[in-house]
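**Student:** Prediction below, plus the sequence it came from.
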Amino acid sequence: MTVKGWRLLGALVLALLAACGKEPAPAAPPRSTVTFLHYFTDSLSGGVGETAQAFNAQNASHELKAVSLDHEAFKSSIRDTLQAGNPPDLYSNWAGARTAAIVDQLQPIDDVWASAGLDRVFPPAVTQTASEYAGHKYLLPLTQHYIAFFYNKRLFAEYGLQPPTTWDEFLAVCERLKAAGVTPIALGARDKWPAQFWFDFLLLRSAPYAFRQRLLNGEERFDDPRVLAVFARWKRLLDAGYFNRSPHPNSLAWDSGANEMVYRGEAAMTLMGTWNIGYFTNAAHGWVAGRDFDFFPFPVIDPQLPRVAMGPIDGLVLPRQAANPAGARAVLAYFAGAAAQQAFSRGSGALAPNRQVPASAYSELQQRVGDEINRSPIFTFAFDLAAPPAVASLGLDAFADFLAFPQSYPEIVRQLAARAAVPGKTPQ
């Protein structure tokens with residue numbers, strides 16, 4: 001071997017020895033897990049999967065693990081896990097009475113609000129309505145939905161119909177459709193909650209908003225003449241044959257039942273939330289918003305009453321006994337951002353509470369939804385999110401009983417009034 005070869009061999013040996021003596025680079029610390037239990041499932045899945053993946057791709061310290069339950073199972077699970085003291089690190093939850101009912105088992109998120117500058121992100125009206133309880137911030141808003149009629153544009157065009165704005169126009173549209181052999185209104189109330197929108201709007205369009213608030217707070221009785229008038233008006237619609245009769249509303253799902261009737265052209269419209277935008281435009285249906293389907297607000301009954309818009313606001317809450325509150329706060333800050341909220345909007349059809357999401361992120365139909373909300377001086381939550389949970393449960397049961405036996409509404413309302421006065425106690 002030449003001198004040059006010996007020198008090269010020696011250099012390699014020295015390099016190997018140096019490498020053997022060198023300590024390995026320390027491994028990156030494992031990411032902490034943030035558990036998230038939510039109800040964004042099936043037809044209401046929204047953009048939760050996409051947003052969780054984006055968070056995990058960008059965060060080196062925490063990994064978000066999202067677990068879903070359907071709505072009804074979630075309502076029981078959140079109570080059970082909080083009472084058992086083993087909650088996840090985050091829950092989804094509905095703003096309003098359902099958050100107020102568990103606020104003593106939640107952690108305030110005022111620190112997240114301050115550090116992320118969320119007073120600049122969320123409109124004061126949304127913050128006050130959805131996020132603040134007992135003087136502190138407890139819920140981070142994710143989606144703002146709007147309840148309206150969603151209708152099949154082909155059917156309306158075929159029969160020369162325009163979206164009605166008044167109650168008389170609405171009745172005329174229903175009569176024209178019925179005469180043509182088309183079910184005017186599809187109602188899928190198998191899960192009970194879809195029926196509440198009819199009670200809510202018939203009341204909000206015929207009685208002052210302040211009366212409804214007193215009613216839900218227990219300061220008025222459900223057997224008040226103004227409430228009885230709501231059921232009488234609702235019964236006239238049922239008697240006229242404007243709702244689906246076979247299958248009956250109480251046995252029909254809101255999505256695979258009522259929505260599909262509208263999609264197939266068997267029914268012309270359904271009263272539902274803006275999550276229907278995501279439903280009709282998904283890959284399975286392929287409808288184009290504004291071309292194949294559209295929306296119109298619930299018609300005016302009493303023009304003297306201020307306009308009221310209605311819908312849920314979904315959000316995130318942090319349990320007091322969360323195992324990883326630091327990781328949960330990191331997720332909250334991320335989900336408050338414009339990118340995350342835009343993903344939820346795109347997946348669910350909702351408006352983003354974050355006002356930094358640009359108007360260009362919304363479809364033309366969603367922009368018109370925003371206009372309707374903005375021109376309404378009052379935005380309120382639906383019955384089961386505005387009433388205390390015990391009263392909400394009684395009301396949903398009463399609406400289902402009414403749909404089954406509309407002629408018995410005076411007795412159904414009497415029993416509702418008695419039970420709501422003392423929730424959980426059966427009247428004599």
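**Tutor:** Structure's in. What do you need?

**Student:** if you go through the stretch 151-300 of the chain in chain order, where are the strands?
**Tutor:** For the stretch 151-300 of the chain, strands defined by DSSP state E, counting those that start in this stretch occupy the ranges 183-185, 267-273, 293-296.

**Student:** Burial check on Leu193, number of neighbours?
**Tutor:** For residue 193 the amino acid is Trp, not Leu. 19 (other Cβ atoms under 10 Å). No exception for glycine: its C-beta is placed from N, CA and C like everyone else's.

**Student:** Quick check: it vs Phe199, distance?
**Tutor:** Relative to Phe199, Trp193 is positioned 11 Å away (criterion: Cβ to Cβ, to the nearest Å).

**Student:** Trp167 too?
**Tutor:** Following Cβ to Cβ, the distance that separates Trp167 from Phe199 is 16 Å.

**Student:** do the same with Asn354
**Tutor:** Relative to Phe199, and taking Cβ to Cβ, Asn354 is found at 31 Å.

**Student:** More neighbours: these two, which one.
**Tutor:** With neighbours defined as other Cβ under 10 Å, Asn354 and Phe199 compare such that Asn354 has more, 24 against 20.

**Student:** per-residue pLDDT, Lys425?
**Tutor:** At Lys425, the model reports a pLDDT of 49.

**Student:** still on that earlier bit, now for the strands of the stretch 151-300 of the chain, which one comes closest to Ser393?
**Tutor:** In terms of Cβ to Cβ, the element of those nearest to Ser393 is strand 267-273, at 20.0 Å.

**Student:** Quick one: list the elements packing against that closest one.
**Tutor:** Using 3 or more Cβ pairs under 8 Å, 6 or more residues apart in numbering; DSSP states H and E, the elements in contact with strand 267-273 are strand 147-152, strand 183-185, helix 193-204, helix 260-264.

**Student:** And Ala421, how close does it get to Phe211?
**Tutor:** For Ala421 relative to Phe211 (Cβ to Cβ), the value is 17 Å.

**Student:** And the two? Which one has more around it.
**Tutor:** With other Cβ under 10 Å as the criterion, Ala421 and Phe211 differ in neighbour count, and Phe211 comes out ahead with 17 against 14.

**Student:** just checking, the more buried one touches Pro225?
**Tutor:** No - the pair Phe211 and Pro225 fails to qualify as a contact (Cβ atoms under 8 Å) at a distance of 11.1 Å.

**Student:** dump the residue contacts of Leu318.
**Tutor:** Contacts of Leu318 were listed using Cβ atoms under 8 Å, 6 or more residues apart in numbering, and they are Asp89, Leu90, Leu106, Gln107, Ile109, Tyr138, Pro325, Ala328, Arg329, Leu332.

**Student:** now do 6 Å
**Tutor:** Under the criterion of Cβ atoms under 6 Å, 6 or more residues apart in numbering, the neighbours of Leu318 are Gln107, Ile109, Ala328.

**Student:** and if you look at Ile78?
**Tutor:** Ile78 sits next to Tyr91 when contact means Cβ under 6 Å, 6+ apart.

**Student:** how much space between it and Ala267?
**Tutor:** Ile78 is 34 Å from Ala267, where distance means Cβ to Cβ.

**Student:** try Asp110
**Tutor:** As defined by Cβ to Cβ, Asp110 lies at a distance of 47 Å from Ala267.

**Student:** Tell me which of those two has more neighbours.
**Tutor:** Neighbours were counted for Asp110 and for Ala267 using other Cβ under 10 Å; Ala267 has more, 25 against 14.

**Student:** from what I can see that one touches Ala258, true?
**Tutor:** No - Ala267 lies out of contact with Ala258 (Cβ atoms under 6 Å); the separation is 7.2 Å.

**Student:** intersection of neighbour lists for those two?
**Tutor:** Counting by Cβ under 6 Å, 6+ apart, the contacts common to Ala267 and Ala258 are Ala186.

**Student:** coming back round to it: could you point out which of the helices and strands packed on strand 267-273 sits nearest Tyr362?
**Tutor:** If you check each of the helices and strands packed on strand 267-273 against Tyr362 by Cβ to Cβ, strand 147-152 wins as the nearest, at 15.4 Å.

**Student:** what about the nearest residue to Tyr146 once chain neighbours are set aside, neighbour count?
**Tutor:** The shortest distance from Tyr146 to any residue other than its chain neighbours is 4.3 Å, reached at Gly311 (Cβ to Cβ, 6 or more residues apart in numbering). Gly311: 23 surrounding residues under other Cβ under 10 Å.

**Student:** Ala386 too?
**Tutor:** Neighbour count for Ala386, taken as other Cβ under 10 Å: 22.
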